[in-house]
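J.: got a predicted model here, sequence first, then my questions.
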Amino acid sequence: MKEAIPGAISGTTDSPAHRADAYDRPAARFDGQGHIDVRASAAGSCRRALWYAATGHEPAPPGDEALTVMETGRALEPVVLRAMQRAGWEVAPADPDHPAPVTVQLTPEVTVTGHPDATGTPPLFGEEAVIEVKTRGPAAFKRWQTLGAERSHPDAVAQAALYTYGRFGEARDAVIAVLDTGDRAWDFETVPAERVEEAIERTRAWLAPLGDHFTANGPDPEVLPERDFEAGSWRCSSCPFLATCQPQAEEESTEDPTPEVSDEEAREAVTAYVAAREALREPEQAKRQALDTLKAWMRRKDSAKAELKGHAISLVRSTRYAVDHKRLNALLDAETRKEIVTEQTSESIRIT
Ligand code: SF4
């Protein structure tokens, strides 16, 4: 266990926090007591965006699709927590109508406030930990399992770390639980206490310049911190202040860079693909059947090599190695994992 963070302020369950305010309040605001208070889920956001939020610039409202994604995430949180309970976890979910807030004072000018989804204890034994619940599509779920939370969900790790300090006043293990919205599978990762502490330090280092900016300029909406991200980054393209911050980039982002393809050309491409696939289907089936016959024949003969009709036939055995990503993620910090688990992205079209 680590030392308590100075100035950590825990919330209480009888707080008058209203549900709407708890979940929908701005990403940052001034608390009237000399602090800029940042919402925990936004602690890793662009600092200029946080300044826009705190100084009352109007954010673009989320689109219908984004709202559906957000509402789906909220609606499924209890589902994940109940699944954990069935798996033997002792879970104490937040009261959905009066969630208990926690506030952590990161620097003299910066506080972070949020509402933990739940706390819980693992099956059999273990210390009570903060549980941060996320929902993701199948590809993002797989990515999280493979890369680990610190690489795939750094903001969620920071959030869980802040809640841990706010709730317990010290660094201890924190749990990220993720639901795959496609397969309805869930899994969890435990971020060890020392890496919870590192996440707090990273967040403190990230937000400290925002506090300095506040000290130097007061709550001036016109004096802006530097931009943290470039136009074209996903952070900017999903930023509710893009139009204010980079009006030109917003216009460009609405221009489609991909070449024009007519609907007719797309229909022809599907027809060509299906015809080619049909033409290949029978030969492929015949090939597979022949290979299955030969495999059974070689196994019966207990031989790995044979010659038939002038062809060399080999029974090739290969061994696959599986990586237990959960254990790997628990053992190695994010930087070390980055050297071992590398990421490659490719694009392809699937027609079914
Ligand atoms: S548009 Fe980009 S740089 Fe500007 S505030 Fe948003 S995230 Fe920051």
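T.: Structure's in. What do you need?

J.: can you name the residues that contact the residue lying closest to residue 307 once chain neighbours are set aside?
T.: Distances taken as CB to CB, 6 or more residues apart in numbering place residue 313 nearest to residue 307, at 7.1 Å, with adjacent residues excluded. Using the backbone N, CA and C atoms, a C-beta is placed for each residue, glycine as well. When the contact criterion is CB atoms under 8 Å, 6 or more residues apart in numbering, the partners of residue 313 are 294, 298, 305, 306, 307.

J.: enumerate the residues of the stretch 201-350 of the chain near the ligand.
T.: With CB under 6 Å from any ligand atom as the criterion, the stretch 201-350 of the chain meets the ligand at residues 227, 228, 229, 235, 236, 239, 241, 242, 245, 246.

J.: gap between residue 100 and residue 167?
T.: Summarising the geometry, the distance separating residue 100 from residue 167, computed by CB to CB, to the nearest Å, is 8 Å.

J.: joint contacts of the two?
T.: Overlap between the contact sets of residue 100 and residue 167, as judged by CB under 8 Å, 6+ apart, is given by residue 116.

J.: and the lengthiest helix in the chain, what other elements does it pack with?
T.: The longest helix of the chain (DSSP state H) is helix 263-301. Taking 3 or more CB pairs under 8 Å, 6 or more residues apart in numbering; DSSP states H and E as contact, there are no helices or strands that helix 263-301 lies on.

J.: what are the ranges of the strands in the stretch 201-350 of the chain?
T.: Ranges of strands in the stretch 201-350 of the chain, per DSSP state E, counting those that start in this stretch, are 305-308, 311-314.

J.: export those strands to CSV and tack on mean pLDDT?
T.: Compiled in CSV, the strands of the stretch 201-350 of the chain are given as follows (pLDDT from 0 to 100):
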stretch, mean pLDDT
strand 305-308, 88
strand 311-314, 90
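
J.: that's a strand at residue 95, yeah?
T.: No - when classified by DSSP: H, G, I helix; E, B strand; the rest coil, residue 95 is found to be coil rather than part of a strand.

J.: skipping adjacent residues, who's closest to the residue in the stretch 51-200 of the chain that the ligand sits nearest to in space?
T.: Of the stretch 51-200 of the chain, the residue with the smallest distance to the ligand, taken as CB to the nearest ligand atom, is residue 52 at 6.1 Å. Closest residue in space to residue 52, ignoring its immediate chain neighbours: residue 241 at 4.4 Å, by CB to CB, 6+ apart.

J.: likewise for residue 330?
T.: Leaving aside its chain neighbours, residue 330 sits nearest to residue 190 (6.3 Å; criterion: CB to CB, 6+ apart).
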